[in-house]
Structures are given as C-alpha cells and as structure tokens.
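Chemist: A predicted structure for the sequence below; I have some questions about it.
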Amino acid sequence: MTESTTGRVVLITGGSRGIGLACAHRFAAEGDRVAVTYNSSPPPDGFFGVKCDVTDTAKVDAAFAAVEEHFGGPVEVLVSNAGVTKDGLLLRMSEDDFATVLDANLTASYRVTKRAAKAMLKARSGRIILMSSVVGMLGQAGQSNYSASKAGLVGFARSLARELGSRSITVNVVAPGPVETDMTAALSDDQLAGITAAVPLARMATPDEIAGVVSFLAGPDAAYITGAVIPVDGGLGMGH
C-alpha cells in the first residue's frame, strides 16, 4: 500500500487485527492515510502503527500527537474499535473485571473522541464511528460488563451527535453480531453451530462486511447520517 498525500487522515484504535485491521485495509484502498493503534500485536507493513493503551489519557494524547506529526495534519476520521472482554456471571464477577471492561470499551471511546474532536471542531468537519455490539442491545448472560459498555456507547454517540452536529461532525455506532475472527476460528463445529443458530442468515459476518459499513459511514453518501446505530448482525438483533 502506498501512502496517499491527499486522502483523509484516519485513525483506528485496535487496528492491528480483526475488524480494526479490515477497516484499515478498506480505508487505505480508498486512498486515505491510515494510522492504527495497537497494544500487543503491531499492524502489518503498510500502516502507521502507534502503540497505545487507550485506558491512559496521556498515552492517547501522545498517540494522536504522533499521528498528527507523521501525516502533517489532524485526524479527520476516527474509528474507536479497541475493546476487551472479561466474561463472568454476576456473582462471580469482580468489581475490577466490571470496571476494567467499562474503562477499555466505553471510557476509552470518550478519551479518543474528545482528543479527535478538538481538531474536528476547528475544521468544522469530521467523522466519528464507535464500535458497539449486538450484545449492547440484546444483552448476554455472563457479559453484563461488556454489554453495559457497548450499550453505553449508544447514549454517548447520540449525545455527541447533538452536541457536534452544528459543526458538520457526524457520530455513529456500528453494532456487529458474530464475526469470523482468530478466536472463533479455534472453535469446534458444534460451538460455531451454536453461535449461528439464532442468526437469521445462519452464518457469522466477515470482518470485511463490518469494514464496509464503517467505510460507508465515513464517506460522502453518509453525510446526513448521525446518531445512528447500524446493526451488522445477520438479523440477530432486529427490532432493537
């Protein structure tokens, strides 16, 4: 991938694998200048990678500064994708496990969005896309912390859509269902069948299918869409 000198500056948190990496490839193919943050696994060659713990405000600020210096301009499209899980039934879930997931999934989105919004407000333009989950609408036993964090993104995004809209900044949420990842690739056929049994399309999504919707929300055809929650879940969460 060659780096464009005219494309938008795009930052994807958690962009070194899975959905985040698929988004990075999609934006790069469209001529954008793509940076990704990562925690443990660096991105493949062709992307500007910045190691960043999104639960640390100082490190978030340093990551943005590094991206701005590398590309010579501010972030114009932000995809807040980084997240963690620490599943467990309520009575067995520690307070630390609950707080850690909310910090990494919800409060981290506040950190990166706040940092990106500074330049977007000045430019009177910007696209912010937050990665939620069908679980944020449906709920899931053993995932009360994860579900709460993903549901919280909806209220956060819709509040910001109202707050930032007058400056032509859109804020939207993508809510994937089951997605083919390295983790699901290790599951047995019976386990995979159980995951997809409730999905009307009877399969998992590919990361590219999620990336396509993210790209659409960042593109010109979505200029009049803000505060929306776009499900990409094979029909699993319909009605919510």
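Modeler: Yep, it's here.
Chemist: where do the strands sit along this structure?
Modeler: Applying DSSP state E to the chain gives strands spanning 9-12, 33-38, 48-51, 77-80, 126-131, 169-176, 229-232.
Chemist: can these go into CSV with extra columns for mean neighbour count, distance to Ala117 and mean pLDDT?
Modeler: Every C-beta, even on glycine, is put in place using the N, C-alpha and C of the backbone. Shown next, in CSV, are these (neighbours: other Cβ atoms under 10 Å; distance: least, Cβ to Cβ, whole Å; pLDDT from 0 to 100):
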stretch, mean neighbour count, distance to Ala117, mean pLDDT
strand 9-12, 28, 12, 98
strand 33-38, 27, 17, 97
strand 48-51, 19, 19, 96
strand 77-80, 28, 9, 98
strand 126-131, 26, 7, 98
strand 169-176, 25, 7, 98
strand 229-232, 19, 20, 97
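Chemist: May I see these arranged in TSV, with distance to Asn145 as well?
Modeler: Shown next, in TSV, are the strands of the chain (distance: least, Cβ to Cβ, whole Å):
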stretch	distance to Asn145
strand 9-12	24
strand 33-38	22
strand 48-51	25
strand 77-80	18
strand 126-131	16
strand 169-176	17
strand 229-232	20
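Chemist: quick one: which of those is nearest Leu201?
Modeler: For Leu201, the closest of those is strand 229-232, at 10.8 Å, according to Cβ to Cβ.
Chemist: Contacts for that closest one, please.
Modeler: 132, 134, 137, 154, 157, 172-177, 205, 209-210, 213, 217, 237-238, 240 (Cβ atoms under 8 Å, 6 or more residues apart in numbering).
Chemist: May I see the PyMOL selection of the buried members of those?
Modeler: Remark: buried members of these, expressed as a PyMOL selection using 16 or more other Cβ atoms under 10 Å:
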select buried, resi 132+134+137+154+157+172+173+174+175+176+177+205+209+210+213+217+237
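Chemist: so of the contacts of strand 229-232, which ones are in helices?
Modeler: Residues of the contacts of strand 229-232 located in helices (DSSP state H): 137, 154, 157, 209-210, 213, 217.
Chemist: tell me the helices in the protein, going along the chain?
Modeler: Using DSSP H, the helices of the chain run over residues 18-29, 57-71, 95-102, 108-123, 135-138, 144-164, 182-185, 189-196, 207-218.
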